[in-house]
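Trainee: Coordinates only, no sequence provided:
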């Protein structure tokens, strides 16, 4: 907490300022100015502004911001490549209100903006929607987050963040629109070519990644035909170390040897619950590959009034070599059911370690507290070694054809686009789990044999888990086996299609249970986006005197079609030859052994390769396990007498067979295999106006946008018999459509020559993520309950009403201070309808899959939904089964997000040398959420960004510090846990310096994460309840730029 207060004081005491760099040039304004000035080709040449250096880039952007028709911020073309940023997402942190999220697998990079998550941000290129290689994992309910890490930042010609849109911009960005600018060749200086070469050193991996950049502009015919390109490529080596506790489990006399003594000693109340860490897990995530991005442009001016052009954009990030090495020392306790613990597992609480309250057992203020104990010893726990081969490929490519025509007072423009993207993810997890059954005896069936009853033998794995309450130097995790396990020549259970695991209770291991698992999935997502857009503008000169003038009327339309195909396959061990399983799979050559130490040596108390950390040799294991694997579908075994091998089951590209549901027999994750098509027809009209109120000049725009959306889905509806068996996948089509009318207005008052007051009102929407809209129903059943999941594709977009106001003071040339307030009222939220029971037969899906249902009163206002026709169970009993219908709906709940933004940018060039080289930027954002209990994920209530620079005589030094407050993380999965958790406030210091060797050559040095930050996540309200600690280390980069 002290660190948090110290960092906040840094913000409060900083005398630095905002980097709010420029809004995009809008074609209409440029052409209008050209008409008014009777612009000739020579004058167009004079309009080319080439800036260099930090000061010039910031000043140029500030001038653009000042003249923008709405509230915007941006990063210039020259600055985007000079910032200390590993990708485009990191570069966007220079914008007020932007928060970076880069904790997901493979150094992903998404942003939150103005208090809203990445799904609320609309990302475009050249003002157009572009197919992006969004991942199919960690699906957002709304929007389509852009994976900024998939692109090299330098291929863009700057980025503009539009915070209050105009009617001609596409809907979908309630938080804002991030427009990635593309260079236009005729507007660039002729004969400019640059090349950059360098290398980046990552401290954890100890490896150097090369980087290359090329760019050029050539006017083939002066003022008529020109081409431009930008190409960038870099190695993409990455490692993240993680220490996981994830869950704390309650202990009582049955789990802890000294719980009564500990409670009495520390005075823990009777209504409180004591919990201990479930595990201590070391994880090293590693990926290796490359990233290549390119943008190209050609423009041809047919006449002085007519110009055509084409943009090409391509990017691919291929991380084709990746692993997630995991070894876990566990208490042997089951997270949710103590009856399923290792039969002999026990813990002893350290009497010298004080407990701490970190949560309550219920939401009520007087509910009993939950106490954590951070230091325990365990006996007969669980020991797990795992490695997950993790690779993915992100690819995006497309073309944009555009034309601009000027005729007298008219402007017409049009754009035709087509783009394609894919995200191909592959994960193969292989592990050994040394554990004990929860029963004293259990049934075990060896391959080819009959079921036998065997005793449950303790693991003999004993050790210590001390979380250090988040202090790295105090973390201790150790453990050892009384008798080591062997892995060769064991008898295993039969590999089957309905399970991911095999079991051995071989005499070679004293009858102890050993599990071997093959899991993971193939998750592919492909998209295509095509659109055509037309716009017109008529400049006018009519109004009501000086009080109000209509300067222009704009109108236009757009049609787009997005197609999506989702493939999801989960593999298992079916068909493998168990004789291939051996101890040769295990190796102590973990990453922290062959590369630099775990947490770079900052966590010395946990186990390493010398005392327990071993991993799976993925390449050797996969090759061995696929030697002799069954190749004929008919030779597979399901393991269930009532489940047949599904006819469409296949070996996915990992080389392993897909799994089946152990009741229905349908392929696992079948519901996520579907395709979708979304058509959007949009039309808009707006007017630009200006006038004077007394001595105050004002200008603005008022418009309305109308959008019609049509969705078509094709997916598999899962149907089962009365017992939930004999599943059938039926291809179904689902269609839905809706429309929205969105008014919007922007206005700016020039209170003085240096002070501008802006205001904005607009309505917006965020469509549901197509991937989250499962188009078909899924039916499951057992002897007591019938469960029906209705399609999620029925939900409609979030609606939002937005208000903005900002005050900007341009106190000196190239300097400004601005403060803004915004509010977003978001409605039409998603939820599940409780107690849905359409007994009137109004739901056709329920009628077809479940049959007649009825409400049965069970006392008070409670009722049960039941099938009318009784079910005959295996004993011949008639059962009126309960019916549970999961029904996604839009609710009347509302979230209100409001915030303040402070932006300061100052240069000190009025001072004598050397002080005239100093300048700085300070951005601060304060957010507040109210309304619905649905808490927005991955958003910090406070964040700030400080940039300081010195630039003179060819030397440039810039430091950037980005800080964000605590943020909430939703439960993720079985690996990261399903509990919500809090990530502690943290900041990062980056550096970029350059020195001009000559007028054409410049050397750059960059340092990332110089503060060597450690990410910490905790449960409840106390930071000592550590859930997860992450570390990536420092990164250094050296490059040489040469301009021809």
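Mentor: That came in fine, so what should we check first? Remember, predicted model here, so these are calculated numbers, not experimental data.
Trainee: all strands of the stretch 751-900 of the chain, in order?
Mentor: Assigned by DSSP state E, counting those that start in this stretch, the strands in the stretch 751-900 of the chain fall at 755-766, 778-781, 785-789, 798-812, 815-827, 830-833, 853-859, 862-867, 871-872, 878-879, 882-890, 894-907.
Trainee: so the helix or strand just after the last one versus strand 815-827, what angle?
Mentor: Where DSSP states H and E defines the elements, the next helix or strand beyond strand 894-907 is strand 918-931. In terms of direction (axes from the mean of the first three to the mean of the last three C-alpha atoms, to 10 degrees), strand 918-931 departs from strand 815-827 by 20 degrees.
Trainee: So which other helices or strands are in contact with the helix or strand following strand 918-931?
Mentor: The first helix or strand that comes after strand 918-931 along the chain, using DSSP H and E, is strand 942-952. Judged by 3 or more C-beta pairs under 8 Å, 6 or more residues apart in numbering; DSSP states H and E, the packing partners of strand 942-952 are helix 2-13, helix 54-66, strand 918-931, strand 955-964. (Glycine included, C-beta is placed from N, CA and C.)
Trainee: quick one: average pLDDT of strand 942-952?
Mentor: Per-residue pLDDT values over strand 942-952 give a mean of 95.
Trainee: got it, and stretch 678-687?
Mentor: Rounded to a whole number, the mean pLDDT of stretch 678-687 is 98.
Trainee: Make a markdown table from the strands of the stretch 751-900 of the chain and add mean neighbour count to it.
Mentor: Listed next are the strands of the stretch 751-900 of the chain as a markdown table, based on neighbours: other C-beta atoms under 10 Å:
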| stretch | mean neighbour count |
| --- | --- |
| strand 755-766 | 20 |
| strand 778-781 | 21 |
| strand 785-789 | 19 |
| strand 798-812 | 19 |
| strand 815-827 | 20 |
| strand 830-833 | 15 |
| strand 853-859 | 13 |
| strand 862-867 | 16 |
| strand 871-872 | 14 |
| strand 878-879 | 12 |
| strand 882-890 | 18 |
| strand 894-907 | 21 |
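Trainee: if we can go back for a sec, can you say which of the helices and strands packed on strand 942-952 is packed in most?
Mentor: helix 54-66 (a mean of 23; mean count of other C-beta atoms under 10 Å).
Trainee: can you tell me the average pLDDT over it?
Mentor: Mean per-residue pLDDT for helix 54-66: 80.
Trainee: Next SSE downstream of that helix?
Mentor: Note on helix 54-66: by DSSP H and E, the next helix or strand toward the C-terminus is strand 72-75.
Trainee: Sort out which residues of that next one are buried, please.
Mentor: Within strand 72-75, the residues scored as buried using 16 or more other C-beta atoms under 10 Å are 72, 73, 74, 75.
Trainee: Go ahead and confirm the second one touches residue 163.
Mentor: Looking back up the chat, that one is residue 73. Yes. Residue 73 sits in contact with residue 163 when judged by C-beta atoms under 8 Å, with a separation of 7.0 Å.
Trainee: Pull up the overlap in contacts between those two.
Mentor: When contacts are counted by C-beta atoms under 8 Å, 6 or more residues apart in numbering, residue 73 and residue 163 are jointly contacted by residue 97.
Trainee: in this protein, which helix or strand is least confident?
Mentor: Of the helices and strands making up the chain, the lowest-confidence element is helix 41-47, at a mean of 36, by mean pLDDT, DSSP states H and E.
Trainee: Is it correct that residue 393 falls within a strand?
Mentor: Yes. Using DSSP: H, G, I helix; E, B strand; the rest coil, the secondary structure at residue 393 is a strand.
Trainee: Give me the neighbour count for it.
Mentor: Number of residues near residue 393 (other C-beta atoms under 10 Å) recorded here: 18.
Trainee: Please apply the same query to residue 507.
Mentor: When neighbours are counted by other C-beta under 10 Å, residue 507 comes out with 8.
Trainee: For the strand ranked longest in the chain, name the packing helices and strands.
Mentor: Secondary structure assigned by DSSP state E gives strand 514-543 as the longest strand of the chain. Applying 3+ C-beta pairs under 8 Å, 6+ apart, one finds that strand 514-543 makes contact with helix 27-36, strand 128-129, strand 382-407, strand 410-434, strand 501-504, strand 549-570.
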